[in-house]
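Novice: Model the structure of this input:
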Amino acid sequence: MPDPQSPSTHTPQISPFVELDRASWAALAPSMPSPLRETEIVQLRGLGEPLDPAEVAEVYLPLSRLLNLYVGGTKALHEVTSTFLRERFESTPFVIGVAGSVAVGKSTIARLLRELLARWEHTPRVELVTTDGFLFPNAELERRGLMARKGFPESYDRRALLRFVSDVKAGAPEVRSPFYSHLAYDIVPDAQITVRRPDVLIIEGLNVLQPPGPGHRLAVSDLFDFTIYVDARTRDIARWYEERFLKLQRGAFSNPRSYFHRYASLTEDEARARARSIWQSINEPNLLQNIRPTRSRASLVLRKDADHTVSSVLLRKL
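Specialist: Got it, this is the predicted structure:
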């Protein structure tokens, strides 16, 4: 019989993250006034996301302050490094990666952080680029047999994305990325987004935290200064995806120019069945095989509850 006085042989699990529930996280910045009006918050919301002023104040305002402190710390490190090297060279943009599943709300979070960071000292110029622009054009995806795997790592021009972020981090005065149309569901030829040495560049996409692929020494995630993974239960994301699909079917899909216009005439039951089919055949496998396995690589994880609100924050220990 074990001696009750003897030390336990059970070793507590050690995590590389500090986990804070929402109330504890919000308490870290109790007196920060939100710089955004409610109308601005409404404009930043994604379909079906109940983002409100309380969540902005309790979750995203403290996060933007933390990021601002990281930017300030990086600038200070740049100054002391310049002094040590006895050379004067300009600091380069601070790059933030935001990753997570389809329909988890990462695009809304990226847009919100862009607006909040631009209100802080040290970070007045903030740019946002999504990795959608680095998908291969539909014609190329068709040629490679990848149209049904759009959004999987192999459907992106990873060399072009790596070159884009490398040029930004090298301090290039002007860097261009392709432009993606969600209406056309394709790259728009001859259209580009121009980035001109911002203080902060946010890169948002499904697979931005991927490690280097076979035969490659560098991944775009190696160039990020801070990374965020937006997390939720698979069943909740599946439900959010289905509800978003229905809203799009009643809205954007009704446009005759929409790539998905063929879904506009579906009944609600047919639309739900189609959404579930797309989720089960494409989005869920991509989440389980490629996206979620990168969660442990993030600097910070935002964990969402079933109602789409953030319930806890996990910050990597330094």
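Novice: what residue ranges in the stretch 101-250 of the chain score low on pLDDT?
Specialist: Along the stretch 101-250 of the chain, no part satisfies pLDDT under 70.
Novice: can you rerun that using 90?
Specialist: 120-123, 213-217 (pLDDT under 90).
Novice: now the strands: where do they sit in it?
Specialist: For the stretch 101-250 of the chain, the strands defined by DSSP state E, counting those that start in this stretch occupy 126-130, 175-181, 186-195, 200-204, 226-231.
Novice: Run through who's touching the second one.
Specialist: The contact list for strand 175-181 (CB atoms under 8 Å, 6 or more residues apart in numbering) reads 129-130, 132-135, 160, 164, 167-168, 186-188, 191-196. Any C-beta I mention is one placed from the backbone N, CA and C, and that applies to glycine too.
Novice: Buried deepest among the strands of the stretch 101-250 of the chain, which one?
Specialist: Stretch with highest mean neighbour count among the strands of the stretch 101-250 of the chain: strand 200-204 (a mean of 26; mean count of other CB atoms under 10 Å).
Novice: Give me the distance from it to the chain's centre.
Specialist: In terms of CA atoms, centre = their mean, to the nearest Å, the centre of strand 200-204 is set 9 Å apart from its chain centre.
Novice: Can you list the helices and strands that that strand packs against?
Specialist: strand 94-100, helix 106-117, strand 126-130, helix 158-169 (3 or more CB pairs under 8 Å, 6 or more residues apart in numbering; DSSP states H and E).
Novice: Any chance of the strands of the stretch 101-250 of the chain in CSV with distance to residue 256 as columns?
Specialist: Shown next, in CSV, are the strands of the stretch 101-250 of the chain (distance: least, CB to CB, whole Å):
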stretch, distance to residue 256
strand 126-130, 25
strand 175-181, 15
strand 186-195, 16
strand 200-204, 29
strand 226-231, 33
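Novice: Look up how far residue 86 lies from the residue positioned nearest the centre of the chain.
Specialist: In the chain, the centroid-proximal residue (CA atoms, centre = their mean) is residue 98; its distance is 2.4 Å. Distance, residue 98 to residue 86, using CB to CB, to the nearest Å: 37 Å.
Novice: and what of residue 297?
Specialist: In terms of CB to CB, residue 297 sits 36 Å off from residue 86.
Novice: sec struct for residue 51, please.
Specialist: coil (DSSP: H, G, I helix; E, B strand; the rest coil).
Novice: what pLDDT does it get?
Specialist: Note on residue 51: pLDDT of 87.
Novice: Tally up the residues packed near the closest residue to it other than its chain neighbours, please.
Specialist: Of all residues not flanking residue 51 in the chain, residue 45 sits nearest, at 4.8 Å (CB to CB, 6 or more residues apart in numbering). Per other CB atoms under 10 Å, the neighbour tally for residue 45 reads 15.
Novice: How many neighbouring residues does residue 317 have?
Specialist: The number of residues near residue 317, taken as other CB under 10 Å, comes to 8.
Novice: Was I right to think it contacts residue 18?
Specialist: Yes. In this structure, residue 317 is within contact of residue 18 by CB atoms under 8 Å, at 5.9 Å.
Novice: Stretch 224-235 spans what distance, first to last residue?
Specialist: 30 Å (CA to CA, to the nearest Å).
Novice: Assign residue 18 to helix, strand or coil.
Specialist: Per three-state DSSP, residue 18 ends up strand.
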